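**Student:** Got a predicted structure here, sequence first:
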Amino acid sequence: MSPDDHAYSPGARAKRNTAGVATVPSVCPHDCTSTCALDVERLDARTIGRVRGSQRNDYTAGVICEKVARYAERIHHPDRLMKPLRRVGPKGSKQFAEISWSDALDIVAEQFIAKALQHGTEAVWPYYYAGTMGLVQRDGINRLRHAMKYSRYFSTICVTLSDTGWIVGTGAKRGADLREIDEHSELVVIWGGNPVNTQVNVMTHAMKAKKRGAKLVVVDPYRTGTAEQADMHLAVRPGTDGALAVGVMHVLFKEGYADWDYLRKYTDAPDELAAHVADRTPEWASKITGLPVEEIVAFARLFGKSKAAFVRCHHGFSRSRNGAVNMHAVTCLPAVTGAWKYKGGGALYGHTGMYPLNRTLIEGLDMVDTSIRDLDQSRLGPILTGDRDALKNGPPVTALLIQNTNPAMVCPELELVHKGLAREDLFTCVHEQFMTETAAFADIVLPATMFLEHDDFYTASGHTFFQVTKAVIEAPGETRENHFVISELASRLGAKHRGFDMTPWEIMDETLKVSGMWDAETNWAKGGQDYHLGFETSHFLDGFAWPDKKFRFKPDWAAWGPRGKEMPILPDHFDVIDNATAEKPFRLVAAPARTFLNSTFTETPSSQKREVRPTAMMNPDDCKALGLSDGDRVEVGNERGKTIVNAKAKAGQQKGVVVVEGIWPNRNFETGIGINAVTSADPGWPNGGAVFHDTAVWIRKAA
């Protein structure tokens, strides 16, 4: 079966828009939980026009973010990589010469074999993340890893902490359907996220609810675009969300908003929780969070009075050392009031736990050797600079294969990352769409396709559809999909697995069939399969996903990691954060920008124009105390590193809180290194996770 048998062909599900242009279905692959259904203008076999949200998925509901709407600007960018390259100058110099695909892949395979012979197979580390969320093109790298016994991969940079905090209470990564809030919610709480920047569809549904009369509350350390739309904005200090939730629970129990019938039936330790929070008063929470007592009480009463209260928990929880405890504390709120009983009530963090997908063929899970070490993705800097604990007391990493990520920009402790990537004994192959700062360190750079140029399929987290896509246009130049690279390397390395001999479509189709899901062609033709579990199950009214079917106020943290025994037994403020000190009096949040997505879209002119430059948003009183005017250059630093940005006074955040939006390329900083120079690679509790919003820094006017 040829891959072309399943590629786009004229007339296949194509429609004509009002201008007479053919539109073709696709799905957004980017690292946003919306996984939007798209309608793409196909101007010819190699060219797209405008991208729009599709109405075929009533979560997307025709709305997509501005950056993806302008995707033609990215996919047809003049700086796209089109040919394989071999380094001919110093690492990082961007001095490369063109070579053939065959020669490039031969070199990579030869180097991997040589490094494995020198230090053992664990010296080779395939490294990836979520430049695409497509399961074949993103996760197929693991099939090569397992077949060759290369170092395994502990993925921690995004969801580890928030996943853990949600699942320890509910038992599964799923929740109430966000579409319910349109017509049924009395209160919508957006906690730990800024969907105006990061997930526009949440705002679409939230504003429908607000227009109908529902109240909107936003909990976020600064005055985001989302907070601007709220009836109430609770600007907590970073890392203190758990204290706010516990203070709210104090009021809920004390003032009679707790639903004791629900608590007795559906939760594990309601009496212990009530006794525990009895002395966690709003005054106690105020001292920790910095919020006025009256704001905490007002929010608690609003939550208690709103039967159908819906909490949309976001990924901000996953950026703090205590993020898992904070997430768990927030998930306790609808359990205390019984909000889960009502349509439009309950909570959602993500839905990926609902899909019955068998990933064995995609990832080669039938070849996993658990004796092989797994290395923490977020600790790339310590790993590449020889930290024995980070290396699990094993051999050095001397070869990298990097797909779908740009660690020289997005990883914490960037100075260590750059030092490691510059090692002469480290061989690095980067498969990329642009000459990123990571690609600049590579020995071999391979040109990659974009999502409209290959087949793939997608789970979603913000909604319940599973979606299959086909290539919309032909791949330009000599770009190749991830699956091609993995399969060609497997052939040269002698890796054996039948997935290497299959097309992406064949992998997708077989995976779906063995998972009991619609086959690939049916899914594509119907625009996705909706896995909504129904009201009873999605609201856990048939029981939470534990053997006793109870929500756990007392989670078994120790089951999730060795440091679990250090964590609070019941919801609390877990004070392990990087607190401000006299030497480092500011707490930094490195938040997402509106028109960047991690390092993606930083290359597009319209995104660069809107974001302007790296900026430190600070409380006006802090600016005054430091003698700063808008636009002044300030040095931001700590023991890990420093960089220079421009200051901007911003109301709506507490004194001592500084926010730098967007992961700007290092080249946009006059120091040559970005904001992640100061963020930490320390793992969060109990089982790791990057802590990008948990950073104490000093700030001073630059000379």
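**Tutor:** Thanks, I have it. Not measured: the values here are computed from a predicted model.
**Student:** May I ask you to name the longest helix in this protein?
**Tutor:** The residue-count maximum for a helix in the chain (DSSP state H) belongs to helix 101-119.
**Student:** quick check, distance from the helix or strand that that one is followed by to the centre of its chain.
**Tutor:** Going down the chain from helix 101-119, the next helix or strand is strand 124-128, by DSSP states H and E. What separates the centre of strand 124-128 from the centre of its chain is 19 Å, taken as C-alpha atoms, centre = their mean, to the nearest Å.
**Student:** Could you shift the numbering so residue one becomes 40, and keep it that way?
**Tutor:** In the new numbering, first residue 40, that becomes strand 163-167.
**Student:** Now strand 163-167: average pLDDT?
**Tutor:** Strand 163-167 shows a mean pLDDT of 98.
**Student:** After that strand, which helix or strand is next?
**Tutor:** Downstream of strand 163-167, the first helix or strand assigned by DSSP H and E is helix 174-178.
**Student:** pLDDT of that following helix, averaged?
**Tutor:** Average pLDDT, helix 174-178: 98.
**Student:** Which secondary structure elements does whichever helix or strand comes after that helix sit against?
**Tutor:** Beyond helix 174-178 on the C-terminal side, the first helix or strand identified by DSSP H and E is helix 180-187. If you count contacts as 3 or more C-beta pairs under 8 Å, 6 or more residues apart in numbering; DSSP states H and E, helix 180-187 packs onto strand 163-167, strand 191-193, helix 399-402, strand 438-442, helix 521-532. Yep, even glycine has a C-beta here, placed from its N, CA and C like the rest.
**Student:** counting contacts, what elements does the second one pack onto?
**Tutor:** In other words, strand 191-193. Going by 3+ C-beta pairs under 8 Å, 6+ apart, strand 191-193 lies up against strand 163-167, helix 180-187, strand 413-415.
**Student:** Just the residues contacting the following helix or strand past it, thanks.
**Tutor:** Using DSSP H and E, the helix or strand that directly follows strand 191-193 along the chain is helix 199-209. Helix 199-209 has contacts (C-beta atoms under 8 Å, 6 or more residues apart in numbering) with 212, 214, 231, 352, 354, 356-359, 362-367, 370-371, 374, 388-389, 392, 579, 583-584, 590-592, 594-596, 599, 723, 725-729.
**Student:** what about V698, which SS state?
**Tutor:** Here V698 is recorded as strand under DSSP: H, G, I helix; E, B strand; the rest coil.
**Student:** mind listing what it touches?
**Tutor:** With C-beta under 8 Å, 6+ apart, V698 has these contacts: 260-261, 627-628, 630, 655-656, 689, 692.
**Student:** do the same with R626
**Tutor:** Contacts here follow C-beta under 8 Å, 6+ apart; on that basis R626 touches 276-278, 617-619, 695-697, 733-736.
**Student:** Okay, it and S132: tell me how far apart.
**Tutor:** Separation of R626 from S132 (C-beta to C-beta, to the nearest Å) stands at 37 Å.
**Student:** just K623 next, same as before
**Tutor:** Distance, K623 to S132, using C-beta to C-beta: 34 Å.
**Student:** Among the two, which residue is more densely surrounded?
**Tutor:** Between K623 and S132, counted using other C-beta atoms under 10 Å, the more crowded position is K623 (19 against 11).
**Student:** from what I can see the more buried one touches V736, true?
**Tutor:** Yes - judged on C-beta atoms under 8 Å, K623 makes contact with V736 at a distance of 5.5 Å.
**Student:** Mind listing the shared neighbours of the two?
**Tutor:** Among the neighbours of K623, those also in contact with V736 (C-beta under 8 Å, 6+ apart) are N677.
**Student:** And the contacts of the longest helix of the chain?
**Tutor:** 123-125, 162-163, 187, 434-435, 437-438, 440, 466, 468, 482-483, 485, 517, 519, 524, 527-528, 531-532.
**Student:** Buried ones in it, by neighbour count?
**Tutor:** Buried residues in helix 140-158, defined by neighbour count with 16 or more other C-beta atoms under 10 Å: 140, 143-144, 146-148, 150-152, 154-155, 158.
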